[in-house]
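Trainee: Below is the sequence, then the predicted model.
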Amino acid sequence: MICFVLGISLFLALGTGVNANCEACPNCDFEEISISQGNACLNYWTCSGDTITCSYPSVANPGTFNNCSYSASADWALTAGPSDICAAESGLNSKCEPPNNPYILGTLGGCTGSYAYVGEVNSGLL
């Protein structure tokens, strides 16, 4: 039984992103809540096909989100969303640690899930 558990653990470690690279949503956008609080930060992300969409609470429109989309086909540049609020590119995370890693890179790459709540500081709806 111990060998089986160790085998499964090794498989998961090698097959799910240990020492892999992931595309990640920027932690925060460029919309400032206040000088003392800083900018609005990541609440959740979605992933479909080769596109990740990162959602941040809107300061200008309380109760809504700013959605920033990035695609592999555009070299992870911003493909949709307000360019004055969204980062120009998504970020590379060399550790592939959850929860902010929507897309695993490489030949076996793809979405790590369809949706994940991140709940960074400053990420709640205003």
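Mentor: Good, I have the coordinates.
Trainee: Point to the residue nearest the middle of the protein.
Mentor: C25 (3.3 Å; C-alpha atoms, centre = their mean).
Trainee: got a list of what the closest residue to it other than its chain neighbours touches?
Mentor: Computed as C-beta to C-beta, 6 or more residues apart in numbering, the closest residue to C25 that is not its neighbour in sequence is C54, at 3.4 Å. C-beta coordinates here come from the backbone N, C-alpha and C atoms, glycine included. When contacts are counted by C-beta atoms under 8 Å, 6 or more residues apart in numbering, C54 touches C25, P26, L42, W45, N67, C68, S69, Y70, C86, S90.
Trainee: Each with direction, which strands does the strand or helix carrying C54 pair with?
Mentor: In the assignment (DSSP states H and E), C54 maps to strand 51-57. Within its sheet, and counting by DSSP bridges, strand 51-57 is paired with strand 44-48 (antiparallel), strand 65-71 (antiparallel).
Trainee: Check which helix or strand the spatially closest residue to D84 that is not a sequence neighbour maps to.
Mentor: Nearest non-adjacent residue to D84, counting by C-beta to C-beta, 6+ apart: F30, 6.8 Å away. Element membership for F30, per DSSP H and E: strand 28-34.
Trainee: After that strand, which helix or strand is next? Please name it.
Mentor: strand 38-41.
Trainee: so what does that following strand touch, helix or strand wise?
Mentor: When contacts are defined as 3 or more C-beta pairs under 8 Å, 6 or more residues apart in numbering; DSSP states H and E, strand 38-41 packs onto strand 28-34, strand 51-57.
Trainee: Dump the ones you listed to CSV, plus mean pLDDT and distance to N122.
Mentor: Output for those, formatted as CSV (pLDDT from 0 to 100; distance: least, C-beta to C-beta, whole Å):
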stretch, mean pLDDT, distance to N122
strand 28-34, 95, 6
strand 51-57, 97, 8
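Trainee: nearest to A80, of those?
Mentor: strand 51-57 (7.7 Å; C-beta to C-beta).
Trainee: which regions of this protein sit below the pLDDT cut-off?
Mentor: For the chain, the stretches with pLDDT under 70 are 1-19.
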